[in-house]
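1. pasted the sequence and its predicted model underneath.
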Amino acid sequence: MADLFSSMFSFRKPTSLLIYLLPFAVCLLLATAVRAQETPEEQVPANLAPPPIKTLSKEEKTALDATGDVKNRTKLALELMDVRLKKAEDLNTEERYNALLAELGGFQALMDDALKYLNRNDNGRGKVMNTFKKFEMSLRTFTPRLELIRREMPERFEYHVRKILIFLRDTREKAVEPLFGDSVVPNNDN
């Protein structure tokens with residue numbers, strides 16, 4: 001057995017060593033290239049504007065707290081988000097970017113509040129599941145509108161809108177997760 005092993009891996013010629021090490025080197029280089037693609041460096045502008053403050057207005061909070069039904073509260077939150085985004089679009093045409101970021105901060109706070117409320121009231125039944133689905137579908141409509149705002153802004157403000165778009169994508173993903181849990185399709189392996 002030892003003779004078989006030594007005859008297979010005898011490195012008497014330098015080219016035979018190269019034949020065995022070449023596939024290893026190629027795999028190592030490919031793994032490094034893939035890892036470099038997974039973590040792109042994000043460029044932060046030098047004169048970055050302050051980030052928007054994620055906060056609800058007093059009126060919004062009162063209106064949301066007054067609505068007790070999950071479906072109606074989510075519908076109200078989506079309407080308030082639409083109002084905030086409409087104001088942001090108007091402020092973008094006026095080139096009032098600081099006020100625009102303030103509106104988008106409120107937009108983000110409403111989105112976060114609605115998702116937290118849905119998760120708190122998730123009992124695995126159809127009504128909340130349908131509300132999760134409608135919430136996610138409504139969030140889809142905001143992405144192109146935010147993209148239009150983002151591409152017309154100066155770079156120092158655009159960075160924050162890009163972050164809000166990422167937050168929107170992550171919120172959509174979290175809104176869909178309950179639809180694919182064990183509570184929707186029970187696991188019968190037991």
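-> That came in fine, so what should we check first? Numbering: from 1, shown residues only.

2. in this protein, what helix or strand scores lowest on average pLDDT?
-> Least confident helix or strand of the chain, by mean pLDDT, DSSP states H and E, is helix 2-8 with a mean of 56.

3. pretty sure Thr74 is in contact with Glu136, am I right?
-> No - using CB atoms under 8 Å, Thr74 is not in contact with Glu136, being 10.7 Å away. For every residue, glycine as well, the C-beta is placed using N, CA and C.

4. okay, these two: which has more neighbours?
-> Thr74 (24 against 18; other CB atoms under 10 Å).

5. got the buried residues for the host helix or strand of that one?
-> If you go by DSSP states H and E, Thr74 is part of helix 70-93. In terms of neighbour count (16 or more other CB atoms under 10 Å), helix 70-93 has its buried residues at 70, 73-78, 80-82, 84-85, 87-89, 91-92.

6. so where do the helices sit in the chain?
-> 2-8, 14-38, 58-66, 70-93, 97-120, 126-140, 142-151, 155-176 (DSSP state H).

7. and the contacts of the third one?
-> Yep, that's helix 58-66 we're talking about. Leu56, Arg73, Leu76, Ala77, Leu80, Gly106, Leu110, Asp113, Tyr117 (CB atoms under 8 Å, 6 or more residues apart in numbering).

8. off-centre distance for that helix?
-> Helix 58-66 sits 26 Å away from the centroid of its parent chain (CA atoms, centre = their mean, to the nearest Å).

9. low pLDDT regions in this protein?
-> The model of the chain has pLDDT under 70 over residues 1-22, 24-42, 124-125, 181-190.

10. for the spatially most central residue of it, list the residues it contacts.
-> Closest residue to the average C-alpha location of the chain: Asp170 at 2.6 Å, with CA atoms, centre = their mean. For Asp170, the contact set (CB under 8 Å, 6+ apart) is empty.

11. then the one 5 residues further on?
-> By CB under 8 Å, 6+ apart, the contact set of Ala175 is Leu115, Leu118, Phe132, Phe135, Glu136, Leu139.

12. among those, name the buried ones.
-> By neighbour count, with 16+ other CB under 10 Å, those hold Leu115, Leu118, Phe132, Phe135, Glu136, Leu139 as buried.

13. now the two most distant members of those.
-> Of all pairs drawn from the buried ones among the contacts of Ala175, the greatest distance, 11.7 Å, lies between Leu118 and Leu139 (CB to CB).

14. returning to what we had before: out of the contacts of helix 58-66, which is nearest to Arg156?
-> Distance to Arg156 across the contacts of helix 58-66 (CB to CB) is lowest for Gly106, with 20.3 Å.

15. how close does the closest one get to Val44?
-> 23 Å (CB to CB, to the nearest Å).

16. I figured Thr55 hits Phe107, correct?
-> No - applying CB under 8 Å, one finds Thr55 not in contact with Phe107, separated by 11.0 Å.
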